[in-house]
Each structure stands twice: as C-alpha cells, then as structure tokens.
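>>> Mind looking at a prediction? Sequence and model below.
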Amino acid sequence: MTDTDTDHDAASHEDAKRPAGKTPQSAAPEAENSGGGNKTDDPEQAEQETRKNRRPLVVTIGAIVVGALVISGIAYWFETRNQESTDDAYTDGRAVNIAAQVAGTVVSLDVNDNQFVKKDQVLIHIDPRQYINDREQAEGALATAKSQYEGQQLGAEIARKNFPAQLGQAQAQLANAKANLARAQADYDRQQNLPKLATSQQDIDAATAALKQAQAQVMLAEAQVTQNSPVPQRIGQTDTEVGQLKGQVEQAQARLDQANLNLSWTEVRAPQDGWITKRNVEVGNYIAAGQQIFSIVAPEVWVTANFKESQLAYMRPGQPVRIKVDAYPSLDLRGHVDSIQLGSGSKFTAFPPENATGNFVKVVQRVPVKIVIDSGLDPKLPLPLGISVGPTVTVQ
C-alpha cells in the first residue's frame, strides 16, 4: 500500500466520524471553539437554552404581578364594598327670583352681572314721581277725614248734653202749657156759669179762644216731648256717624300707607345675600308689576344626588360623603347625607307615570338625596348651581 492510499483511508475514516452536514472547512472553527469551553455550536440551541434560563424569571415576575393584582382587587373590594356612588348628581341651592312690585321706568341700575350683593342693598330705582304724587293726595285725603272725624266727635259730646236738656225743656213747656190750659178752662167754665146779664158775649168769646189756644199749646208741648224723648237713640245715631267718619279716617290712612309702600317699592332691594344672575333689565326699560328682573343665588350650596332605588337599602342621614367636582378636580369636598326625598323624581314630574294603565315595563327609579357640604370649599372657586359632581357615600 502506498502513502497516498494510506492518507486517503485516514481522510475517509475522519469523514465517517464527522457529523452529517459538516464540511471539512467548518471543522477548523469548531476545533477553535472547542478550546473555549462547553459552548454549543448551534445558534437555535443556544437561543432555546437562553429561553430556558429566562423562563423562571418571567414566571416569577408574572406571579408577582398576578399576586399584586389580586391583593389590589381584594383591597379595593374591602374599601368600596360599603360605598354607594353615582354620576347623576349636581350642585343645588336657592335661587330667588326678584320682581318689581310696582310699574314704572327704570331710572338707575345699581348692580352688574354676577355681582355679589348684601341683604337690603338697592338693585334698581324706578321713577318715583307718580308715587310721590299719590302719597301727597293720600295725605290730603287723610287730613280732611281727620278734620271731619274730630268735628263729629265734638258734636257727639255736645249731643250727649243737649239731647237730655232738650227733653227736659220740652217737658217743662208741656207742664206750662197744661197750667195755662187749666187756667183757660177755669175762665171758660166761669163765663159759662155766669148769668147772661153778668157777662158779655165778648168775654165769653175771649174765654173760649183762650181755652182753645191753651189746648193747642198743650198739644204742641206734648209733640216736642215726644220728639225729644228718644235721647239714647239720638245719641247712638251721633255715635254711629262718628264711627263712620272714623272708618273714613282709617281708609284714608290705609291709602296713605299703601302710597308710602308703593313709593318704597320704587327702590328694588335684595332680600338676601347672594350673586346677581339672569339680569334682564336695563336703564330706560319700562317694567310691569310682577315682572322678573333678576335672580339671586344664595351662598348656601348643597348636592342633589339621584341614586338608584337599589342603592338606598343602607343609606341613612348623617352618613359621610366624599364629593368630586368635575369642574374642579383639585377640590376634595367632604359632607354628609342630610335627607332622602320621600318620592322618586318621576313621581313629581308634570305627567307622573300611571303604571295601572297599559303595558308595564319596570324601570329602575332614582330618588333625590340631599347632601350637605361640610368642608373643602375654596372661596376662590365658587360652585355654580347645576354643575356635575360625583358623590360617594359610605353607607356602613
């Protein structure tokens, strides 16, 4: 065997030992890599080994994340399990409508839009000239009525004395007339009893005339006594006239009071502290009595929250409330449940539902709950009425 054949057999023997897919050229790098340690020669196998090494770390991190989520969920459930919240809530308060009490032209406007005003502060002035004239007329009518009343009072005092005196005078005249009648009757009887030769026809006629005259005087005196007899009734009539004039004085005083009241109403004043809103009047406008010209929003603000009926099982007045305001996310308001309206919102609508008629579809009702704000308000951030809030009530 030659040396060439020996080398060929040795090469064939090395090729048989070399793994499939390996070329003689790749053997050298593998030999060089083999001197560095137990590193794998296949990139896919190395990537798999790297994944195997990372898998425990990923599993650990996943377990930690899942555990944190579970713990957070349990904590959140414990924290919110006794809480009821709603998005159907808004700020509420008292808005007083201001209307003019008398008609007239606005001569001055003393406030601006959204201005804060104090109680009894003048808002507008209405032209007062007509009402000043009415007051002066009422003062004159009152003075006249008082004069008539005072005069009638004096007349009543005089009547209380004169009427009894007039009755006494009439009675005295009647007594005098009766005395004259008795004397005339005696003279007449004497003339009738005398013989004709002892008297004359002239004397008889004179006695007869005197008798008739005396009888007439008695009748006149009796009539006067009859006329002056109802003294209490005549005094009562005078007192009635005094009462009528007193009533006229009171009526005149009432008209004067009304005139003064109308004059005072020419200055429209604020009934309470608050902010001017919805101003719809300008200088020079003619306004009618009862016409709305302003609204005043009172400083007191609360929250009206419309909770579902299923949320009211454990809700009671006095329970604490945390309030978030959409307009001011930085505000953290705290309050408490003041009261729960005794009726759902739909019950007090213009057309409340009639469930007894037609087909019935159950709809979850909402009940207004009044929540009073206790703390957290910022004077620099006024809460307008009607803005959205998010109350959360701790029911237990």
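Here it is on my side, so go on.
>>> would you list every one of the strands in the stretch 1-150 of the chain?
Ranges of strands within the stretch 1-150 of the chain are 83-85, 89-99, 104-109, 116-117, 122-126, based on DSSP state E, counting those that start in this stretch.
>>> What helices and strands are in contact with the shortest one?
Which is strand 116-117. strand 274-277 (3 or more CB pairs under 8 Å, 6 or more residues apart in numbering; DSSP states H and E). Placement of C-beta: from N, CA and C, glycine included.
>>> residues making contact with the strand it packs on?
Residues outside strand 274-277 that contact it (CB atoms under 8 Å, 6 or more residues apart in numbering): 95-96, 111-117, 123, 294-299, 382.
>>> If we go by neighbour counts, what in it is buried?
Of all the residues in strand 274-277, those buried under the rule 16 or more other CB atoms under 10 Å are 274-276.
>>> Partner strands of it, with direction?
The pairing partners recorded for strand 274-277 under DSSP bridges are strand 116-117 (antiparallel), strand 292-308 (antiparallel).
>>> Count the neighbours of residue 184 for me.
21 (other CB atoms under 10 Å).
>>> Excluding chain neighbours, what is closest to it?
residue 214 (3.8 Å; CB to CB, 6 or more residues apart in numbering).
>>> Residue 347: which of the strands of the stretch 1-150 of the chain is closest?
strand 89-99 (18.2 Å; CB to CB).
>>> Please spell out which residues along the closest one are buried.
89, 91-93, 98.
>>> In those, find the pair that's most separated.
For those, and using CB to CB, no pair is farther apart than 89 and 98, which are 28.3 Å apart.
>>> returning to what we had before: among the strands paired with strand 274-277, which comes closest to residue 133?
Residue 133 lies closest to strand 292-308 among the strands paired with strand 274-277, at 24.1 Å (CB to CB).
>>> Would you mark the buried spots in that closest one?
293-297, 301-307.
>>> Then stretch 276-293?
For stretch 276-293, by 16+ other CB under 10 Å, it's 276, 279, 281, 287, 293.
>>> distance between the ends of that stretch?
One end of stretch 276-293 sits 10 Å from the other (CA to CA, to the nearest Å).
>>> Over to stretch 116-124?
Stretch 116-124 has its terminal residues 15 Å apart, counting by CA to CA.
>>> State the mean pLDDT of it.
For stretch 116-124, mean pLDDT is 95.
>>> List the buried residues in that stretch.
Neighbour counts using 16+ other CB under 10 Å place 117, 123-124 of stretch 116-124 among the buried residues.
>>> Would you mind measuring the gap between the ends of stretch 85-103?
Start and end residues of stretch 85-103 are separated by 49 Å (CA to CA).
>>> and which of the buried residues of strand 89-99 is nearest to residue 176?
residue 98 (80.1 Å).
>>> where along the stretch 151-300 of the chain do the helices fall?
Ranges of helices in the stretch 151-300 of the chain, per DSSP state H, counting those that start in this stretch, are 201-228, 231-264.
>>> Run the angle between the shortest one and helix 231-264 for me.
This points to helix 201-228. Here helix 201-228 points in a direction 40 degrees away from that of helix 231-264 (axes from the mean of the first three to the mean of the last three CA atoms, to 10 degrees).
>>> Show me what helix 201-228 is packed up against.
helix 129-193.
>>> from the chain's centre, how far out does the helix it packs on sit?
Mean C-alpha position of helix 129-193 versus that of the full chain (CA atoms, centre = their mean, to the nearest Å) differs by 61 Å.
>>> Point out the other elements, helices or strands, that that helix touches.
Checked by 3+ CB pairs under 8 Å, 6+ apart, helix 129-193 has helix 201-228, helix 231-264 packed alongside it.
>>> residues in contact with residue 284?
Going by CB under 8 Å, 6+ apart, the list of residues near residue 284 reads 105-106.
>>> how near is it to residue 71?
With distances taken as CB to CB, to the nearest Å, residue 284 is found 71 Å from residue 71.
>>> So what does residue 333 look like in phi/psi?
With angles defined as degrees, to the nearest 10, residue 333 sits at phi -90, psi 140.
>>> Quick one: neighbours of it, just the number.
Neighbour count for residue 333, taken as other CB under 10 Å: 21.
>>> Test of understanding: give the bridge partners of it.
Beta-bridge partners for residue 333, by DSSP bridges, are residue 323.
>>> if I look at it, how far off is residue 89?
Applying CB to CB to residue 333 and residue 89 gives a distance of 12 Å.
>>> got any residues that touch both of those two?
By CB under 8 Å, 6+ apart, the residues touching both residue 333 and residue 89 are residue 389.
>>> What count of nearby residues applies to residue 312?
If you count neighbours by other CB under 10 Å, residue 312 ends up with 16.
>>> nope, residue 200 is what I was after
Residue 200: 12 surrounding residues under other CB under 10 Å.
>>> re earlier: from the buried residues of strand 274-277, which is closest to residue 314?
Nearest to residue 314 among the buried residues of strand 274-277: residue 274, at 36.3 Å, using CB to CB.
>>> hey, what's the residue nearest to the closest one when sequence neighbours are not counted bridged with?
What sits nearest to residue 274 in space, not counting adjacent residues and going by CB to CB, 6+ apart, is residue 296, at 3.9 Å. Beta-bridge pairing for residue 296 (DSSP bridges): residue 96, residue 276.
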